[in-house]
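*Asks:* I need the structure of the sequence given here:
(4 chains)
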Protein chains: 2
Amino acid sequence: MTRPKFPIETIRRLPLYLRCFNRLIVLGKDTLTSKELAEFLEVNPGQIRKDFSYFGDFGTRGVGYDLRELVKEIRSILRMDRDWNIAIAGIGNIGNALLDHINFNQPGFRIVCAFDQDPSLVGTNVRGVNVHSLEEIEETLDGQTVPLGVLAVSDVDAREVAEKFVGGGVKGIINITPICLNMSEEIEIVHMDLSSELGRLVYQLEND
Amino acid sequence: MTRPKFPIETIRRLPLYLRCFNRLIVLGKDTLTSKELAEFLEVNPGQIRKDFSYFGDFGTRGVGYDLRELVKEIRSILRMDRDWNIAIAGIGNIGNALLDHINFNQPGFRIVCAFDQDPSLVGTNVRGVNVHSLEEIEETLDGQTVPLGVLAVSDVDAREVAEKFVGGGVKGIINITPICLNMSEEIEIVHMDLSSELGRLVYQLEND
DNA sequence: TTGTGTGAACTGATTCACAGCA
DNA sequence: TGCTGTGAATCAGTTCACACAA
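*Replies:* Next up, the predicted model:
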């Protein structure tokens, strides 16, 4: 890796910036100042400049940033210059919603296979994606390159399915279950937990 | 507020702890050491002790923490000693999944009304919850106490619906759309954005 | 002993203020 | 003059190490 390390919080903001840029480009805008973007996103303009400064010198003093250059740079930092295959396990309510959302609203990411424990789903095709049984995870993933997995199975299956993902070559997991996975060091886990967020929201309401 | 302010990151961990405790209590466990919990959740035992120390003196040196006392305390900090009514807007794929998940797997939280723009859904009842049109948000919420809203509508409607939530008395919003809301100061927003998490995951994979 | 409770050191992120370039 | 780029100051969270209670 020749590129310098960015703060992880900066990385998490980049997709938000990107979406904003794309909308502005469509509207015919070419350049953008940190102040403008800060107003859109309700953040501190200094933070925006600091974030962009990690890229190198992209701005022009007195003018602002070139939108198209920013887009190009961010896409390259986020490795959106290639396609990312994703496996999903659990296509109940949430799994289905995510399958749909990722394949139709997340350019650069593509769910290529799905797994579920329900025998009536196995063998079917859900919006272009074949559904296999949970037992077939490793053999199905074995031939292809699928570095990402979305874990949306029931609580009891979570740990076992996560292990199978790893056995099939998955390196990073989006964990939608409420279970805390403890996997080996080299597997990256992102835990999206609604109860954490509800808890935080209520606490913030009650404590100004 | 007489209680001291807790770090927000501690608050976000409490629901995770709570779930762990409840499972252990069912298994017949009465006390727990910071080391044991740290192994379950793969975190630093010092962090657990620090988190618990904000509560006051709950542990017994040489023994550990009383599980039931911890549960009681955390439930009180998270204000789970009362019920939290929630409104949801947008009951497409994701909205439906969340409605289900909250009403059947999130004790203490209850979705009491739903809103959607699709006329064929308005007037129906989805798993016990009546669906109204987006225009009816304010009048529907007006009579009842609904401090929380889940925003799962399409991008174009996001801002307008958020404003209607606020008009109906909502104080905190879980924003599932990719749109950055900029609301007035006193409204709390939690933005759950899949693309941020996918971006972060990919970056972590590619940068060790 | 054992495991809590906590000040002190550290690490990371945000904010600020201003020098410097177009 | 306007807006970037950035060091310095601040703030928040985590880790460490150890005193001390059961």
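
*Asks:* Near DNA strand C, which residues of chain A are found?
*Replies:* Selection of chain A residues close to DNA strand C by Cβ under 7 Å from any atom of the strand yields A:7-10, A:43-44, A:46-47, A:49-50, A:60-63. All C-beta spots, glycine's among them, are computed from the backbone N, C-alpha and C.

*Asks:* In strands only, show me those residues.
*Replies:* Using DSSP state E, A:T60 are the members of these that sit in strands.

*Asks:* now the residues of chain A next to DNA strand C in TSV, with distance to B:I94 and neighbour count?
*Replies:* Listed next are these as TSV, based on distance: Cβ to Cβ, whole Å; neighbours: other Cβ atoms under 10 Å in any protein chain shown:
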residue	distance to B:I94	neighbour count
A:P7	29	11
A:I8	26	11
A:E9	25	10
A:T10	27	18
A:V43	26	17
A:N44	31	11
A:G46	34	10
A:Q47	29	16
A:R49	34	16
A:K50	33	13
A:T60	40	10
A:R61	43	6
A:G62	44	6
A:V63	40	10
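
*Asks:* At which residues are the strands of chain A located?
*Replies:* A:31-32, A:59-60, A:64-66, A:84-89, A:109-116, A:125-126, A:129-133, A:148-151, A:172-175, A:188-191.

*Asks:* tell me, what residue is most central in chain A?
*Replies:* Most central in chain A under Cα atoms, centre = their mean is A:I174, positioned 7.8 Å from the mean C-alpha point.

*Asks:* For it, list the residues it contacts.
*Replies:* By Cβ atoms under 8 Å, 6 or more residues apart in numbering or on different chains, the residues touching A:I174 are A:148-151, A:190, A:192, B:194, B:197-198, B:201.

*Asks:* Beta-bridge partners for it, please?
*Replies:* A:V150, A:V190 (DSSP bridges).

*Asks:* where exactly do the helices run in chain A?
*Replies:* With DSSP state H, the ranges of helices along chain A come out as A:8-26, A:34-41, A:45-53, A:67-77, A:93-105, A:137-142, A:158-167, A:194-206.

*Asks:* Closest one to B:A38 out of the contacts of A:I174, please.
*Replies:* A:V190 (20.5 Å; Cβ to Cβ).

*Asks:* So the closest one sits against B:E197, correct?
*Replies:* Yes. If you go by Cβ atoms under 8 Å, A:V190 and B:E197 touch, sitting 4.8 Å apart.

*Asks:* residue at max distance from the center of chain A?
*Replies:* For chain A, the largest distance from the centre (Cα atoms, centre = their mean) belongs to A:G62, which lies 34.4 Å off.

*Asks:* roughly how far apart are it and A:K164?
*Replies:* Noted for A:G62: a distance of 56 Å to A:K164, by Cβ to Cβ, to the nearest Å.

*Asks:* Tell me what whichever residue of chain A sits closest to DNA strand D is bridged to.
*Replies:* Closest contact between chain A and DNA strand D, by Cβ to the nearest atom of the strand, is at A:G59 (2.6 Å). In this entry, A:G59 is beta-bridged to A:Y65, by DSSP bridges.

*Asks:* same question, A:V131
*Replies:* A:A114.

*Asks:* what residues are up against it?
*Replies:* Neighbouring residues of A:V131 by Cβ under 8 Å, 6+ apart: A:91, A:114-116, A:121-125.

*Asks:* Just send these back as CSV, with neighbour count, pLDDT and distance to DNA strand D too.
*Replies:* CSV is the format used below for these (neighbours: other Cβ atoms under 10 Å in any protein chain shown; pLDDT from 0 to 100; distance: Cβ to the nearest atom of the strand, whole Å):
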residue, neighbour count, pLDDT, distance to DNA strand D
A:I91, 26, 96, 33
A:A114, 27, 98, 34
A:F115, 29, 98, 32
A:D116, 23, 98, 34
A:L121, 16, 97, 38
A:V122, 17, 98, 40
A:G123, 10, 97, 44
A:T124, 13, 98, 42
A:N125, 9, 97, 42
